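**Student:** fold the following.
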Amino acid sequence: MPGTAFLAPLAGARCVRRAADAAHLRYARRRTAALDATDVGRVQRDTLLRLVRTARHTRFGRDHDFARITSVADYQARVRPHDYEWFRANYWQAAFPALRDATWPGRVPYFALSSGTTSGAKHIPVSREMVRSNRKAASTTLALFRAANPDARLLTGKFFFLGGSTDLRPLAGGGLAGDLSGIATREAPGLLRPYTFPPPEVALLADWERKMDRCAELAAREPVTAVSGIPAWLLALFDRVKRAAGKRTIAEVWPGLRLVVHGGTAFGPYRELFRREVGSDRVKFCEVYPSSEGFVATEDPRYGLLRVVPDHGIFFEFIPVEDLGKDRPARHTLATVETGVQYAVVLTTCAGLWSYLGGDTVCFERRDPPLLRFTGRTRYFLSAFGEHLIQEDVERAVGHAAGVCGAAVPDFHVGPVFPTDPRAPGRHLYLVEFAGAAPDAGRFAAEIDAELCRVNEDYAVHRVGDLTMLRPEVRAVRRGGFEAWMASRGKAGGQNKVPRMDNTGATTRDLLAWFTTHGWLT
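**Tutor:** Numbers count the residues shown, from 1 in each chain. All right, here's what the predicted structure looks like:
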């Protein structure tokens, strides 16, 4: 950690906090104005050429003739899109974990652990340049929020980061591996310690249940002004904090709370429940779109949509989903994307990822400024019966049903149920966790079905007359069921998320069997 910790007591003084907060508001306005004036296409081109120049002497740079690249077209002609497994097999595996000058110059100091692949957990390289990139993106998030909400005095209290364990595992060759939040904590200036929570000794706890209980116990006495995390885990935290403080709402525990930052999954099904749990209209919700590979976008409160951050060392490309798997797919930049098209996100980063297929899909609402919606994962879809549903469709339908039925949905999963008779139609099974009393399952299923028929023509066609697909079935899961299942699979807390969809039905069957055996179905 940078050596500014000795200044922490001074930084935490009340008068210093007020001055820091005023300075932050001035920065927020300048940063927002600079973003609004940015020529996104030019900045992105310059970013790419700077990355190429920096890495021209790496093995990847030599293999792909970086020394002769002078334009985006040159780059795209020489570098094809590839996924993690390709980079691992061709550039990282032989020297791992002592990566030096493979795809990025110098030695890679950190590896962010991400969701598993066929070869096990991903180890995503994180350079010091990427640490600075993530820090700039985070400051942009707060700047956009603060410029739009000048009275939200965030630095007068503490920012609660609910992440995974900050304990990093040493690797041979001197590198460290762990949760991205752990890397960020290790690199954070000590000067910021009075403004953040939890303290290092709590953040280091690897036992998720123990960590959550300890965080709740301590945080109930802290002046929290902002909190961030994955929605499902934030709700679990809120339950513990309210119990620890003996209060009905989070606003009663933290009267200075003004901001909830959420990411990692669509917020629609959670929104009403969060409003209920927080209990104050003064608290705003802000979506972010980070990943272990690099920060993509953050919500601009003026538009209520995710805005791509174009100037923090990442070059973005977007491939139409229907082109995935093609030898030469169409590759768009922020200057050429079209609205209303489903794109796969492709990243070129200051950590040595080059046209990297991360597996996310997005849809742009505007090009100037670049505003998008996260629509899902390339591997998350339902088409077991030809219905062609993407994650965004399902999230929207569940959110619609929750709103109509007056229900709150902390978590859910959906997958196909295949008939034993191949001539009979199948159906989708929704396992839905409700906060409070569960609504009528039949009505909830009917609302999901009606909304999907409205937003997706393929689904509507397959539902005609129950000939190829029956109406979905909804099974209610008791509160805490998904959290318990995740813990049973060794995936409690941190950045772990319940798999929303499973086109094979295998995860759906596993969940149903586990919930049934352990008494979680109502």
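
**Student:** report pLDDT for Leu10.
**Tutor:** Reported pLDDT at Leu10 in the predicted model: 50.

**Student:** next one: Glu365
**Tutor:** Value for Glu365, per-residue pLDDT: 96.

**Student:** show me the contacts for the nearest residue to it once chain neighbours are set aside.
**Tutor:** Computed as CB to CB, 6 or more residues apart in numbering, the closest residue to Glu365 that is not its neighbour in sequence is Leu371, at 4.7 Å. Bear in mind the C-beta positions are built from the backbone N, C-alpha and C, glycine included. Shown here is Leu371, whose contacts under the criterion CB atoms under 8 Å, 6 or more residues apart in numbering are Asp300, Tyr303, Leu305, Leu306, Arg307, Val308, Phe364, Glu365.

**Student:** the same query, at a cut-off of 10 Å, please.
**Tutor:** Contacts here follow CB atoms under 10 Å, 6 or more residues apart in numbering; on that basis Leu371 touches Ala297, Glu299, Asp300, Tyr303, Gly304, Leu305, Leu306, Arg307, Val308, Thr339, Phe364, Glu365.

**Student:** run a quick neighbour tally on the fifth one.
**Tutor:** So the one you mean is Gly304. 10 (other CB atoms under 10 Å).

**Student:** is it true that Asp281 touches Leu257?
**Tutor:** No: no contact is recorded between Asp281 and Leu257 when judged using CB atoms under 10 Å, the distance being 11.8 Å.

**Student:** shared neighbours, those two?
**Tutor:** Contact criterion CB under 10 Å, 6+ apart; residues shared by Asp281 and Leu257: Ala251.

**Student:** neighbour count for these two, which is higher?
**Tutor:** Leu257 (24 against 8).

**Student:** for the more buried one, what are its contacts?
**Tutor:** By CB under 10 Å, 6+ apart, the residues touching Leu257 are 152, 154, 157, 160, 223-227, 250-251, 278-280, 282-284.

**Student:** now with 6 Å?
**Tutor:** For Leu257, the contacting residues are Val224, Val283, by CB atoms under 6 Å, 6 or more residues apart in numbering.

**Student:** same deal with the one 3 residues further on?
**Tutor:** Val260 makes contact with Val227, Phe285 under the criterion CB under 6 Å, 6+ apart.

**Student:** near Ala220, how many other residues are there?
**Tutor:** Burial of Ala220, expressed as a neighbour count using other CB under 10 Å, amounts to 18.

**Student:** what does it show for phi and psi?
**Tutor:** Summarising the backbone geometry of Ala220 under the convention degrees, to the nearest 10, its torsions are phi -60, psi -20.

**Student:** pretty sure it is touching Arg243, no?
**Tutor:** No: proximity of Ala220 to Arg243 does not meet the contact threshold set by CB atoms under 6 Å, at 8.9 Å.

**Student:** so which pair among the contacts of Leu371 is furthest apart in space?
**Tutor:** Using CB to CB, the contacts of Leu371 span at most 18.0 Å, a distance reached by Glu299 and Thr339.

**Student:** quick one: which of the two has more around it?
**Tutor:** For Glu299 versus Thr339, the count of surrounding residues by other CB under 10 Å is larger for Glu299: 25 against 11.

**Student:** does the more buried one really touch Tyr289, like I thought?
**Tutor:** No: under the criterion of CB under 6 Å, Glu299 lies out of contact with Tyr289, with a separation of 8.6 Å.

**Student:** skip the chain neighbours and tell me the closest residue to Thr54.
**Tutor:** Among residues not flanking Thr54 along the chain, Pro105 sits closest, at 6.4 Å (CB to CB, 6+ apart).

**Student:** can you get me a residue count around that neighbour?
**Tutor:** When neighbours are counted by other CB under 10 Å, Pro105 registers 16.

**Student:** and the next helix or strand past the lowest-mean-pLDDT helix or strand in the chain?
**Tutor:** Comparing every helix and strand of the chain by mean pLDDT, DSSP states H and E singles out helix 8-11 as the least confident one, with a mean of 50. Per DSSP states H and E, helix 8-11 leads on to helix 14-36 as the next helix or strand towards the C-terminus.

**Student:** mind listing what's buried in that next one?
**Tutor:** Residues of helix 14-36 classed as buried: Arg17, Ala20, Asp21, His24, Leu25, Ala28, Arg31, Thr32, Leu35 (neighbour count, 16 or more other CB atoms under 10 Å).

**Student:** give me the distance from the host helix or strand of Tyr75 to the chain's centre.
**Tutor:** Secondary structure assignment for Tyr75, by DSSP H and E: helix 72-78. In terms of CA atoms, centre = their mean, to the nearest Å, the centre of helix 72-78 is found 29 Å from the chain centre.

**Student:** hmm, who's touching it?
**Tutor:** Helix 72-78 is contacted from outside by Arg45, His64, Asp65, Ile69, Arg331, using CB under 6 Å, 6+ apart.

**Student:** again, but for stretch 232-246
**Tutor:** Taking contacts as CB under 6 Å, 6+ apart, the residues outside stretch 232-246 that touch it are Leu162, Met212, Ala216, Glu217, Ala219, Ala220, Ile250, Val253, Glu277, Pro410, Asp411, Glu483.
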